[in-house]
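Peer 1: Can you look at this prediction? I've put the sequence above it.
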Amino acid sequence: MTWPFDIGGASEEQRQLFAKLFRYLMVFGGAMLVALAVTPLVRALARRLKIGMTGIPDARHIHVTPTPRGGGLAVFIAFHLAVFGVVWVTAGDVCPDYSNAQFYNFLGASALLAAVGLMDDVFNLKPWLKLAGQIAVATILYLGGAHFSAFFTSNFPDWANYVLTVFWIVGAINAFNLIDGMDGLAAGLAMIAALGLAGSMFFRGKAEAAIPFLALAGASLGFLRYNFHPASIFLGDTGSMFLGLTLATFPLMSATKTELVASIGVPLMVMGIPIFDTAIAIWRRSARALVPDAGLGKRLGRLGVMQGDKEHVHHRLLARFVNQRRVALIFYSVNAGLVVVGMAAMLLQDRASGLFLVAFVAGAFVVVRHLTKVELWETGRALVLAQPDRLSHRLIVPVYLAVDLAGLCGAWYLARWLARMPLAAHEVKISLPLFVGPVFVMLVLARTYTRVWSRALLREYALAGLAIVAGCLLAGGVVILSGADQEPGWRRAAIMFGLLAQVPILGFRLMNETLRETVSVIERLTLVERGDTVRLLAYGGGDRFRLFLRERRSQTGHHDSVVIGVLDDDSNLRGRLVMGYNVLGSLDDLPEVLREHRINRIVLTTTLPADRRERLIAVAREAGVPASEWTITEKTLV
C-alpha cells in the first residue's frame, strides 16, 4: 500500500495508519460527492426522455406528482468510481478479501443488473423476465467465487451451494426492490445497513474489507440529498436492485467460517426490515391468490403473487402517521437498532444465541401486535374458506392414521432424546414398537377413527387423551413383560412419551377449531378499526350467547358487524371476561354503554322478564339504536 503524500516526522506505523484512514475517507467521501454530482444529471436525462423514465402516480404508488426514476444509475456510478478510484490511487488489490478480479466480476454482474433495471424502469418488464435477469446475475457472481458455503464449515454439494447462493442474492435484490415504495426509504436503509456491515468488518479486524460497504454508504447518502421527502428523483429498479445485490454479495466474499454470527448473523440483521417485508408480502399475496373473492380480498380484487399492493409495512405506517419523513425516520431508527443488536451479538459470541432470542421475542411481539394483522387475517381466511364442506370418510381416516403414527414416532424420539437415552437403530427396532403399538391399539379401541372431529364434543377429546394415557400404561406393562425394563431411564422416557404424544394427536384434531377461533379473533380486531363496521352489544352472557358466537364464527369472513361487549344482570360478572368479551355492566348501565362505546345495535341473547324487556326496548328506542333478539326455537312440522 502506498501513500501519495509525504508526512514529515511520522513513523512507518503512523504512515500506514494514515494511509488506511485516507482510503476509508476517500472511498466514502468520493462516493458521496460523485452521487451528489451525477444524480442531477441523471434526473435531467430522465426528464428529457419523458416517456418511461418518469414514475406516473397510480393506485399502487403514494407519490402525487410525476417524478423521474432511474436515479439508481447515479448510485451505481458513484459506487464503482469510488472503489476503482481507491484501487488506482493506492495501487494493488482493494484488500486481501477481495481481489481485483472479483471486483471486475462484480462490475460486470452489477452492470447487467443495472441494464435489466433500466429496461424495467422504461418498458415495465414482465416479472418472470426480470427474475431471469436476476438469476443470471447471481450465476455470474457464483462462478466468480461468491459462494453461500462460505458461511459454514461443512462441505456443501455444488448444486446446493449454487441454489443457496442464487436464493440469497435474488432474495436480497427483491427485498430492496419491494421496500422501495417511499421517498428515501430504500436508500436510507441501505446506507445504515452498509455502515453496519462496515462496522462489523472493523470489529473483526478486517477493516480493509469495509471498503465496498463504505462506498455504498457514501453513494446512498449522496443520493438521499435528492431522494428524501419530497423526492425529486426515485431509485427505480436500477438502484433498488443494485443496493440489494451489493449488500448480499460482499458478505459472501468476506465470510469467515469460524465466525458464523458475524458472517451471516450481521447481514441478516442489517437487512432485517427489507427481508421481513418481503416475507410477509409473499405470505399475504399467496393467501389472496388462494381465495381472491372473499372477505377483505373482495374489496381488493383479484391479486396474483407477483402483483404489487399497498399493504407493505411502510404503507401501513404512512397511513397511521401520514408524514413520509416521520415514517422514514422510524424505519431508520429500527434498522439502526438491528445493527446495534448485530454488533452486540458479534462481540458477545458466547451469548449471541441469548441475545438473538430476546431480540426475536421482542420483534415477534411487535410484528404480531401491529404489523401482520392483514397477513394473519388473509391467510386464516384463505385456509378456512378453502376447505371443502365435506371430506370423504375414506380420505380423512388415512390422514388421521398417518398423522397419528408420525406423531407417536416423533414423540418417542423426542422423549428418548430428553431422557438422554440412545437412539441407535437397535433401540428403534426394539423399543419404538413397544411404545407406539399399544397406544395406537387403544386409540382404535376408543373409536378415535370413527368420530367426526370437526363436530366433536369436549368429552370426546378427553376420551382420546385418556386412550393415550391407557396406551402408555399398557406399553409400560409390555416393556416389563418383555424384559426391556433393564434399560436405564426408560420410566422417565415413558412418562415424557405419554405427555408428548398428546400434542400431535389432539392438536391435529383441534387444528380446524383453533384455526376458526384464531381467524374469528383477527376478524374482530380488523372490524373494530374500520369506520363502517356495525358495533353490536350483546345482552346476556350465558349459554345462548355462547351459541350466538358459535353461529357467527361459522360465518367468519363474511361479517360487517362486530361484538363490542356484553351486558349481564349478574353483578359478579361486571368487569370480567365472558367467552373473550368484556362484561360492561347491567341493564342500568345501558344508556352510558351505548354512548361510550358508540353502539349501533343491541342483540338480546338471554330470556328477560317482561318488565326488564320493556325497559330494554324503551332505552334502545330513546337512544335511536336498533334492537333484536337472537333465539333458538323448536317448531312443529307434523
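Peer 2: It's in. Numbers count the residues shown, from 1 in each chain.
Peer 1: Which residue ranges of the stretch 351-500 of the chain form helices?
Peer 2: Secondary structure of the stretch 351-500 of the chain (DSSP state H, counting those that start in this stretch): helices at 352-366, 373-385, 393-418, 425-445, 458-482, 490-529.
Peer 1: which parts of the fifth one are buried?
Peer 2: By neighbour count, and taking 16 or more other Cβ atoms under 10 Å as the criterion, the buried residues in helix 458-482 are 460-461, 464-465, 467-468, 470-472, 474-476, 478-479. Just so you know, the C-beta spots here come from the backbone N, C-alpha and C atoms, and that holds for glycine as well.
Peer 1: Which secondary structure elements does that helix sit against?
Peer 2: helix 425-445, helix 490-529 (3 or more Cβ pairs under 8 Å, 6 or more residues apart in numbering; DSSP states H and E).
Peer 1: Can you add distance to V87, mean pLDDT and mean neighbour count and give those helices back as a markdown table?
Peer 2: Output for the helices and strands packed on helix 458-482, formatted as a markdown table (distance: least, Cβ to Cβ, whole Å; pLDDT from 0 to 100; neighbours: other Cβ atoms under 10 Å):
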| stretch | distance to V87 | mean pLDDT | mean neighbour count |
| --- | --- | --- | --- |
| helix 425-445 | 58 | 86 | 17 |
| helix 490-529 | 55 | 85 | 17 |
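Peer 1: Now render these as a markdown table, adding distance to M119.
Peer 2: Converted to a markdown table, the helices and strands packed on helix 458-482 look like this (distance: least, Cβ to Cβ, whole Å):
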| stretch | distance to M119 |
| --- | --- |
| helix 425-445 | 57 |
| helix 490-529 | 40 |
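Peer 1: looking at the protein, which helix or strand is least sure?
Peer 2: helix 297-300 (a mean of 42; mean pLDDT, DSSP states H and E).
Peer 1: Give me the domain ranges for the protein.
Peer 2: Split into domains by automatic domain parsing, the chain comes to 14-381, 393-517, 532-629.
Peer 1: Could you single out the most deeply buried of those domains?
Peer 2: domain 14-381 (a mean of 19; mean count of other Cβ atoms under 10 Å).
Peer 1: and stretch 148-163, what's its mean pLDDT?
Peer 2: Stretch 148-163 comes out with an average pLDDT of 78.
Peer 1: Tell me how far it lies from the chain's centre.
Peer 2: When C-alpha coordinates are averaged (Cα atoms, centre = their mean, to the nearest Å), stretch 148-163 and its chain have centres 25 Å apart.
Peer 1: Strands of this protein, residue ranges please.
Peer 2: 54-55, 67-68, 534-539, 561-567, 577-578, 581-585, 601-604, 627-629 (DSSP state E).
Peer 1: Make TSV out of these and add mean pLDDT and distance to A190.
Peer 2: Shown next, in TSV, are those (pLDDT from 0 to 100; distance: least, Cβ to Cβ, whole Å):
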stretch	mean pLDDT	distance to A190
strand 54-55	53	19
strand 67-68	82	19
strand 534-539	94	44
strand 561-567	93	41
strand 577-578	91	46
strand 581-585	92	46
strand 601-604	95	51
strand 627-629	94	56
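Peer 1: how about the helices of the stretch 351-500 of the chain in a markdown table, adding distance to I233?
Peer 2: Below are the helices of the stretch 351-500 of the chain laid out as a markdown table (distance: least, Cβ to Cβ, whole Å):
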| stretch | distance to I233 |
| --- | --- |
| helix 352-366 | 32 |
| helix 373-385 | 31 |
| helix 393-418 | 55 |
| helix 425-445 | 64 |
| helix 458-482 | 61 |
| helix 490-529 | 35 |
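Peer 1: what's the closest of those to A82?
Peer 2: helix 352-366 (32.4 Å; Cβ to Cβ).
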